[in-house]
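K.L.:
Any chance you can model this:
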Amino acid sequence: MAEKATPAEREAWITGIGIVSTLGEGLQAHWQGLNSPPGPADTKSWAPFVIHPIAPLDFDKQIPKKGDQRQMETWQRIGTYAAGLALDSAGVKGNSELLARMDMIVAAGGGERDAAVDAMILSGLRKSDRPDVFLNERLMNDLRPTLFLAQLSNLVAGNISIVHGVTGSSRTFMGEESAGVNALRVAQARIIAGQSEIALVGGCANADQISTILLLIMGRCLWRGELKTLWERAPAGGGTASGSIGAFLVIEERMHARTRAATPFARLAAVLSGHAKRSPGAITAMLDQQWASIAPRLVTPELAIISGASGVEPATAEERAFLEARGGIAVRATGSHLGHGVEAQFPMNVALAAMALREGRLFASFDPTGFERAMNEAPRQVVVTSVGHWRGEGLALLEKVE
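P.N.:
Here you go, the predicted structure:
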């Protein structure tokens, strides 16, 4: 057991990263993808909408039992796979003593639905004289008794426990982008407070399925037409390109990491979460408030910002106004390459920020609007933003471990 530091000395270090997306698997694939023009994207399967499907994965590498794979939906396999990569990256895979006391916090959506039943209900509602009665009858009679149980969000954590042996405390957060923010916020706070020494934290999402597409269509959130970078979409009304993402991080206390000679990617110095009313200017005001709380720690010009902007308006315009007021700090919006993975977007962007700090440089800009400027300095700090497509705002501050 590692020696515990006093609260004043405790730090939360990122010591393992597991990421999968449309760009591929792992840090190298993502570094190469982010330094190349945006793509790939699928403009045909759900036309006129654009999605970023998951790259081909050999699930056997992280989920060796076919029986385990069969009982998971795609989004659960994506998450379980990314979690295995994170454990490998941290050098803790198969360490039963450590895994038995590793905490786990997962940001998850509501699972994949029975598309045939959903379609029948939506079609019937348009023809029914009493839509409320019709809806109740269909929900009572047409949903399989096991359907909801098969889609419980905490089954992602359950599958990670079964497949990888992570059996410490377990928490699952729901709530779209805010779930990802708060998963990391709680993990970091517990480590600083001495309530946890090591944790597996992250989220997962599958864009290539009707549940995600239908919900975003009904919310009028999806981008229509040819693929454009995130900042280019605003003149046409904005919109998100849904993305398939799995992102998990191993976060541990500094002394715990040093005791086992783990090499950190970055220090997770702060995570803040908020929930502003979506009245004009409220998002910018909330982000300003969160920025003020970390401002005393910030060092420029060696500071970069990774934006989790979804592309949905007017939220993205308000976030851009906040970013433009930050005095020319270099910004990168990863949604142009990855799409938007809702619960998984913030953990993914924190992972990419840690990667940039490890690399000692920010990845390239492919923004034709000119908003994302070049950064010649080696970053020592990266701020990660999250503005929900519908609700929720958050920031994280990552720092290079000298």
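K.L.:
List the buried residues of the helix or strand containing L215.
P.N.:
If you go by DSSP states H and E, L215 is part of helix 210-218. Going by neighbour count (16 or more other C-beta atoms under 10 Å), the buried part of helix 210-218 is I210, S211, T212, I213, L215, L216. From N, CA and C alone the C-beta is placed, and that goes for glycine too.
K.L.:
And for stretch 259-272?
P.N.:
In terms of neighbour count (16+ other C-beta under 10 Å), stretch 259-272 has its buried residues at A262, P264, F265, A266, R267, L268, A269, A270, V271, L272.
K.L.:
Kindly report the same for stretch 361-371.
P.N.:
Neighbour counts over stretch 361-371 (16+ other C-beta under 10 Å) mark R361, L362, F363, S365, F366, D367, F371 as buried.
K.L.:
from the chain's centre, how far out does it sit?
P.N.:
From the chain centre to the centre of stretch 361-371 is a distance of 21 Å (C-alpha atoms, centre = their mean, to the nearest Å).
K.L.:
can you pull the alpha-carbon coordinates of that stretch into PDB?
P.N.:
Output of stretch 361-371 as PDB, limited to C-alpha atoms (Å, rounded to 0.1, in the frame of the first residue of the first chain):
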ATOM      1  CA  ARG A 361       3.000  20.600 -28.300                       C
ATOM      2  CA  LEU A 362      -0.500  21.300 -29.400                       C
ATOM      3  CA  PHE A 363      -1.900  19.400 -32.300                       C
ATOM      4  CA  ALA A 364      -2.500  21.300 -35.600                       C
ATOM      5  CA  SER A 365      -5.400  23.500 -36.600                       C
ATOM      6  CA  PHE A 366      -7.600  22.800 -39.600                       C
ATOM      7  CA  ASP A 367     -10.000  25.700 -39.000                       C
ATOM      8  CA  PRO A 368     -10.700  27.600 -42.300                       C
ATOM      9  CA  THR A 369     -12.400  30.400 -40.300                       C
ATOM     10  CA  GLY A 370      -9.100  31.400 -38.800                       C
ATOM     11  CA  PHE A 371     -10.400  31.300 -35.200                       C
END
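K.L.:
Contacts for that stretch, please.
P.N.:
31, 34-35, 37-38, 229, 231-232, 304, 320, 323-324, 330-333, 336, 352, 356, 372-375, 378-379 (C-beta atoms under 8 Å, 6 or more residues apart in numbering).
K.L.:
What mean pLDDT does that stretch get?
P.N.:
Averaging pLDDT along stretch 361-371 yields 96.
K.L.:
start at 20 instead
P.N.:
Will do, 20 is the new start, and the previous item becomes stretch 380-390.
K.L.:
Remind me which helix or strand W310 belongs to.
P.N.:
Here W310 is assigned to helix 301-313, by DSSP H and E.
K.L.:
Show me what the helix or strand that that helix is followed by packs onto, helices and strands only.
P.N.:
Under the assignment DSSP H and E, the closest C-terminal helix or strand after helix 301-313 is strand 322-326. Applying 3 or more C-beta pairs under 8 Å, 6 or more residues apart in numbering; DSSP states H and E, we find strand 322-326 packed against helix 334-343, strand 349-352, helix 364-378, strand 400-406.
K.L.:
mind running it again at 10 Å?
P.N.:
helix 334-343, strand 349-352, helix 364-378, strand 400-406, strand 412-418 (3 or more C-beta pairs under 10 Å, 6 or more residues apart in numbering; DSSP states H and E).
K.L.:
Any buried residues in the third one, and which?
P.N.:
Which is helix 364-378. So, applying 16+ other C-beta under 10 Å, buried residues of helix 364-378: 364-377.
K.L.:
Next, format these as TSV and append pLDDT and distance to F153.
P.N.:
Output for the buried residues of helix 364-378, formatted as TSV (pLDDT from 0 to 100; distance: C-beta to C-beta, whole Å):
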residue	pLDDT	distance to F153
Q364	98	36
F365	98	38
P366	98	40
M367	98	40
N368	98	42
V369	98	44
A370	98	45
L371	98	46
A372	98	48
A373	98	50
M374	98	50
A375	98	52
L376	98	55
R377	96	55
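K.L.:
closest to R190 among the residues you listed?
P.N.:
Nearest to R190 among these, counting by C-beta to C-beta, is P366 at 14.0 Å.
K.L.:
if I read this right, that closest one contacts A101, doesn't it?
P.N.:
Yes. Assessed by C-beta atoms under 10 Å, P366 is found in contact with A101 at 9.1 Å.
K.L.:
Quickly list what's touching both of these two.
P.N.:
I36, G37, I38, G221, G222, C223, I264, G265, A266, F267, L268 (C-beta atoms under 10 Å, 6 or more residues apart in numbering).
K.L.:
Out of those, which two sit at the greatest distance?
P.N.:
Between any two of those (C-beta to C-beta), the greatest distance is 14.4 Å, for I36 and C223.
K.L.:
tell me the SS of V205?
P.N.:
helix (DSSP: H, G, I helix; E, B strand; the rest coil).
K.L.:
helix or strand for A266, which one?
P.N.:
A266 belongs to strand 264-272 when assigned by DSSP H and E.
K.L.:
C-terminal to that strand, which secondary structure element comes first?
P.N.:
Using DSSP H and E, the helix or strand that directly follows strand 264-272 along the chain is helix 273-278.
K.L.:
tell me the contacts of T404?
P.N.:
If you count contacts by C-beta under 10 Å, 6+ apart, T404 has them with 200, 306, 309-310, 324-328, 338, 341-342, 350, 352, 365, 368, 412-415.
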